[in-house]
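[1] Sequence below, structure please.
(one chain, ligands or ions: 1)
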Amino acid sequence: MFSAMEGRDYLRIIPLAGAVGAAVFVAVYGALKLSRSGQVNHKYPTPKDQEKVKHVLDVEDLGDRTPFCRCWKSEKFPYCDGAHNEHNKTTGDNVGPIVMNRRNKSGSA
Ligand code: FES
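    Have a look, this model is predicted:
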């Protein structure tokens, strides 16, 4: 097929080659974008010098009852601010905080 082609024939396939290239680019770009949609952390971009978002808290600084966010929607992350309620309502999810309770001296929470 290509051996019988002349210069003008090659010029005709340039738009086709461009269209195929653009389609491949869109498909690959879309696939990469979709693969990122599985991330839970959409709200807090990790600074470039950090591999992951990390919070270090001292247990002594926590109150008697401290709810921690597990939905990554809280404006007070890592603490829960109730944003999981809207997340659950819009997605049908049932996520909630992890609550740290300080035991009193008798050992009950
Ligand atoms: S806001 Fe995320 S678990 Fe409550």
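
[2] and the residue nearest the centre of the chain, what is it in contact with?
    The residue lying closest to the centre of the chain (C-alpha atoms, centre = their mean) is residue 39, at 2.6 Å. For residue 39, no residue meets the contact criterion (C-beta atoms under 8 Å, 6 or more residues apart in numbering). The way it works is simple: take the backbone N, C-alpha and C, and place the C-beta from them, glycine included.

[3] near the ligand, which residues of this structure?
    69-71, 73-74, 80-84, 95-97 (C-beta under 6 Å from any ligand atom).

[4] CSV for those residues, including neighbour count, secondary structure and distance to residue 19?
    Output for the residues of the chain next to the ligand, formatted as CSV (neighbours: other C-beta atoms under 10 Å; DSSP: H, G, I helix; E, B strand; the rest coil; distance: C-beta to C-beta, whole Å):
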residue, neighbour count, secondary structure, distance to residue 19
69, 21, coil, 46
70, 15, coil, 46
71, 19, coil, 43
73, 20, coil, 41
74, 20, coil, 46
80, 21, coil, 50
81, 14, coil, 49
82, 14, coil, 50
83, 18, coil, 44
84, 21, helix, 46
95, 15, coil, 44
96, 16, coil, 49
97, 19, coil, 51
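
[5] Is it possible to get CSV of those residues that adds pLDDT?
    Formatted as CSV, the residues of the chain next to the ligand follow (pLDDT from 0 to 100):
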residue, pLDDT
69, 95
70, 94
71, 93
73, 91
74, 92
80, 96
81, 96
82, 97
83, 95
84, 96
95, 96
96, 97
97, 98
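
[6] Can you pick out the most distant pair from these?
    81 and 95 (13.6 Å; C-beta to C-beta).

[7] just the strands in the chain please.
    Secondary structure of the chain by DSSP state E: the strands cover 65-68, 98-101.

[8] nearest residue to residue 84 other than its sequence neighbours?
    Nearest residue to residue 84, sequence neighbours excluded (C-beta to C-beta, 6 or more residues apart in numbering): residue 71, at 4.3 Å.

[9] Many thanks, we can stop here.
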